[in-house]
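Q: Task: produce atomic coordinates for the following.
(2 chains)
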Amino acid sequence: MRWTLAILGATAVFSASSTVHLFTGVPAVAIDGPLVVAASVFLWKRSREEKAPAAGRTIFFAACAVAAAALIDHIARYPDGGNDAFIIWNLRARWLFRAGAGFRSAFSPEILFWTHQDYPLLLPGLVAGGFELLGRESRAVPAVVAVLFTACSVAIVVAAAPVEKRWWAGLAMVTTPALVMLGATEQADLPLAAFTGAAIAILIVKEPGDLRAIAAAGAFASMAAWTKNEGLLNGLLIASAVLLTERRLSSLVAFGAGALPFLSLLAVFKLGYVPPNDLAHSLSLARAISVDRWWTLLLLIGRRIVLLQAWGLHLLALVVWAVFARKWSAAPPQLRWLSWFPLATMVVHLGILLMQPHDLTFMFKVTIDRLLIQVWPSIVLLISHREAS
Amino acid sequence: MVRIWLAAIVAIGAGRIAFYYLIYEPISGRRGELVGSEFEPLRAFLNVSRVAYLSDEPIDADPSLPRRFDKGDMMYARAQYALAPVILAHADRDLPLAVANFADVTKLEALIAAGRYEVVARPAPTIALLRRR
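A: Numbers count the residues shown, from 1 in each chain, chains lettered A, B, ... in the order given. Reported below is the predicted structural model:
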């Protein structure tokens, strides 16, 4: 778990340092240098992690090999990634790299709004930083980043799941078709899933009252917020769960303190550089009370649950577990509120889907797998710990 | 019993991944071209920060309206991806330089024939860099 957290944290800081360098001129090494020292100390400390049983390990790694081969083969076939990869993420990375000091033009409202100029910069910053290191643009950089985050979103689940369920939890992740689909198309949803999963993992395995762990969870939640706008919602919901679980202000302060660096960067970016979010001004409550839209949404959800192409039988199994098997287990006390996080997130997302102005069926089809994968590692982790308890 | 069900779920997921990515895609020969490569020759001529964007395909420019022009949006996105960091100003047709990205070659020919623009570069029949006369 330490290695996964260190890799995730390092990618986020490396990306942020290149962005801070663009915004302020502060050399990136001034931020990366102390990070290398802190990460070394973090990794050098003796780990007390238990060894997982051998049973299931071979099957898990076989499934990993299949997923990795699929991921790499698809990226090789489509080297610019999926539509959102070149419309949003890789476009912004190219822009930051090519424009240098003139980077502000990347957020111009004159660009078509579908390129979402207000989206946070963790992924573009990381890819642009890779271009800087190489000294040129290469389609291999976003490809490597995509594979790395896909692997990290699986690794964080394997590392933080209860020892006896470790390989099963990993198998649940690595055999999810949507994981490979979204990883191979270089979307930002898997980085978001990995950071959110890391925050949840830390809160699951921490000792009661450990404020340093809560601060670390806050830091990873804020990295999620610096990845995509949805990450901010995730962070707020996780912070609420922390407050309701710990029932003391110091926990919230610790969570906020951990989140402060990346949230500050996000605030500067949102307030100083980018046009307002296009969706924020076009939501309508009237659309949310339309019976037609509710009916359409329910049908779409039902179909998605049994759609093998995106989720295999994983979503169906999740629904069956939630309806029939969940009552036979109880969440550990420290996870009682956190267990509601994935559901609360999806309820908010579905509410936004109802209120947005575009065709509901189209928007559902192009967003629902991404929204679900963002919380998928958290779901698998929370269920595995509930079942283990 | 639970383990059998879990094994079935895992096997179906892995099978789906293996079938689609490692059997179906290679057999069907699916391969995407490099996005926006058709615009790359224009980069050498673009030493400005903004150019107009002209097209016969409308684009969705108002976020408060339902999306209707997927084809036009994607044409714009491919061009912008290739030509960044030059802004393709879709709402400003009066700039001295314009990137024309048309779906119908006859409409681009008609635009050029109308005489308001001279052709600076034309890397493809439906794509041109134009300068206002």
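
Q: neighbours of residue A:276, just the number please.
A: 12 (other CB atoms under 10 Å in any protein chain shown). Every residue, glycine included, has its C-beta placed from N, CA and C.

Q: and if you look at residue A:280?
A: 10.

Q: How much space separates it from residue B:121?
A: Residue A:280 sits 40 Å away from residue B:121, going by CB to CB, to the nearest Å.

Q: what does residue A:120 give?
A: For residue A:120, the distance to residue B:121 - CB to CB - is 36 Å.

Q: so how many other residues sit close to residue A:131?
A: Count around residue A:131 with other CB under 10 Å applied: 19.

Q: now residue A:380
A: 30.

Q: for the one 3 residues further on, same thing?
A: Using other CB under 10 Å, residue A:383 has 23 other residues around it.

Q: my guess is it contacts residue A:321, does it?
A: Yes: using CB atoms under 8 Å, residue A:383 is in contact with residue A:321, at 6.9 Å.

Q: which parts of the stretch 201-350 of chain A sit against chain B?
A: By CB under 8 Å from any CB of the partner chain, the residues of the stretch 201-350 of chain A that approach chain B are A:278-279, A:281-282, A:308-309, A:312-314, A:317.

Q: Just the ones in helices from those, please.
A: Members of these lying in helices (criterion: DSSP state H): A:308-309, A:314, A:317.

Q: Determine which two of the residues you listed are furthest apart.
A: A:309 and A:317 (16.0 Å; CB to CB).

Q: out of these two, which sits in the more crowded spot?
A: The neighbour comparison of residue A:309 against residue A:317 (other CB under 10 Å) goes to residue A:317, with 21 against 11.

Q: does residue B:128 sit in a helix, a strand or a coil?
A: Classification of residue B:128 by DSSP: H, G, I helix; E, B strand; the rest coil places it in strand.

Q: Could you count how many residues lie near it?
A: 23.

Q: likewise residue A:129?
A: The number of residues near residue A:129, taken as other CB under 10 Å, comes to 25.

Q: What of the one 3 residues further on?
A: By other CB under 10 Å, the residues close to residue A:132 number 16.

Q: thought it was touching residue A:98?
A: No: at 11.3 Å, residue A:132 does not count as touching residue A:98 under the criterion of CB under 8 Å.

Q: for the chain, longest helix please?
A: The chain I'm using is chain A. helix A:360-388.

Q: wait, chain B
A: helix B:2-17.

Q: downstream neighbour of that one in the secondary structure list?
A: Counting by DSSP states H and E, the next helix or strand C-terminal to helix B:2-17 is helix B:25-28.

Q: who does the lengthiest strand in chain B touch, helix- and strand-wise?
A: The single longest strand within chain B, with elements called by DSSP state E, is strand B:117-124. Strand B:117-124 sits against strand B:97-101, strand B:127-132, with contacts defined as 3 or more CB pairs under 8 Å, 6 or more residues apart in numbering or on different chains; DSSP states H and E.

Q: just so I know, which of those strands lies nearest chain A?
A: Across these, chain A has its closest neighbour in strand B:97-101 (12.3 Å, CB to the nearest CB).

Q: Pull out the C-alpha coordinates of that closest one and format them as PDB.
A: The C-alpha atoms that make up strand B:97-101 are tabulated as PDB, following Å, rounded to 0.1, in the frame of the first residue of the first chain:
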ATOM      1  CA  LEU B  97      -6.400  34.100 -41.100                       C
ATOM      2  CA  ALA B  98      -9.000  31.300 -41.200                       C
ATOM      3  CA  VAL B  99      -8.800  27.600 -41.000                       C
ATOM      4  CA  ALA B 100     -11.500  26.100 -43.300                       C
ATOM      5  CA  ASN B 101     -12.600  22.600 -42.300                       C
END
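
Q: what's the following helix or strand past that strand in contact with?
A: The helix or strand immediately downstream of strand B:97-101 is helix B:105-113, counting by DSSP H and E. Among residues not part of helix B:105-113, those counted as contacts by CB atoms under 8 Å, 6 or more residues apart in numbering or on different chains are B:54, B:56, B:100, B:102, B:117, B:119, B:125-126, B:128, B:130.

Q: In ChimeraX, how would I select just the buried ones from the residues you listed?
A: In ChimeraX syntax, the buried subset of these is picked out as below (16 or more other CB atoms under 10 Å in any protein chain shown):
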select /B:54,56,100,102,117,126,128,130
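
Q: Now do the helix or strand that contains residue A:76 and helix B:2-17, the angle between them.
A: Taking DSSP H and E as the criterion, the element that holds residue A:76 is helix A:57-77. If you take axes from the mean of the first three to the mean of the last three CA atoms, to 10 degrees, helix A:57-77 sits at 20 degrees to helix B:2-17.

Q: quick one: buried residues of helix A:57-77?
A: Under 16+ other CB under 10 Å, the buried positions of helix A:57-77 are A:59-60, A:63-64, A:66-68, A:70-71, A:74-75.

Q: Out of these, the closest to chain B would be?
A: Out of the buried residues of helix A:57-77, the member with the shortest distance to chain B (by CB to the nearest CB) is residue A:70, at 3.4 Å.

Q: looking at it, that closest one is touching residue B:24, isn't it?
A: No: between residue A:70 and residue B:24 there is no contact, the gap being 10.7 Å when judged by CB under 8 Å.

Q: care to break chain B down by domain?
A: B:1-32, B:34-132 (automatic domain parsing).

Q: which one of these is the most hemmed in?
A: Mean neighbour count, computed with mean count of other CB atoms under 10 Å in any protein chain shown, is highest for domain B:34-132 among those, reaching a mean of 17.

Q: any idea how far it is from the chain center?
A: 10 Å (CA atoms, centre = their mean, to the nearest Å).

Q: mean confidence for that domain?
A: Mean pLDDT, domain B:34-132: 92.

Q: got the end-to-end distance for that domain?
A: 30 Å (CA to CA, to the nearest Å).

Q: and residue 122, what is it in contact with?
A: Here I'm looking at chain A. Contacts of residue A:122 by CB under 8 Å, 6+ apart are A:12, A:15-16, A:188, A:191, A:223, A:226-227.

Q: wait, chain B
A: Shown in contact with residue B:122 (CB under 8 Å, 6+ apart): B:128-129.

Q: gap between it and chain A?
A: The gap separating residue B:122 from chain A is 23 Å, by CB to the nearest CB, to the nearest Å.

Q: Looking at the ones in helices among the residues of the stretch 201-350 of chain A next to chain B, which one is closest to residue B:82?
A: Of those, the one sitting nearest to residue B:82 (CB to CB) turns out to be residue A:309, at 30.9 Å.

Q: So which of the contacts of helix B:105-113 is the closest to chain A?
A: residue B:54 (14.0 Å).

Q: in the sheet, who's paired with the closest one?
A: residue B:100 (DSSP bridges).

Q: quick one: contacts for it?
A: B:93, B:98-102, B:111, B:130.

Q: Please enumerate residues in contact with the host helix or strand of residue A:347?
A: Under the criterion of DSSP H and E, residue A:347 resides in helix A:341-355. With CB under 8 Å, 6+ apart as the test, helix A:341-355 has contacts from A:200, A:230, A:233-234, A:237-238, A:241, A:279, A:283-285, A:287-288, A:290, A:293-294, A:297, A:301, A:360, A:363-364, A:367-368, A:371-372, A:374-375, A:378-379, A:382.
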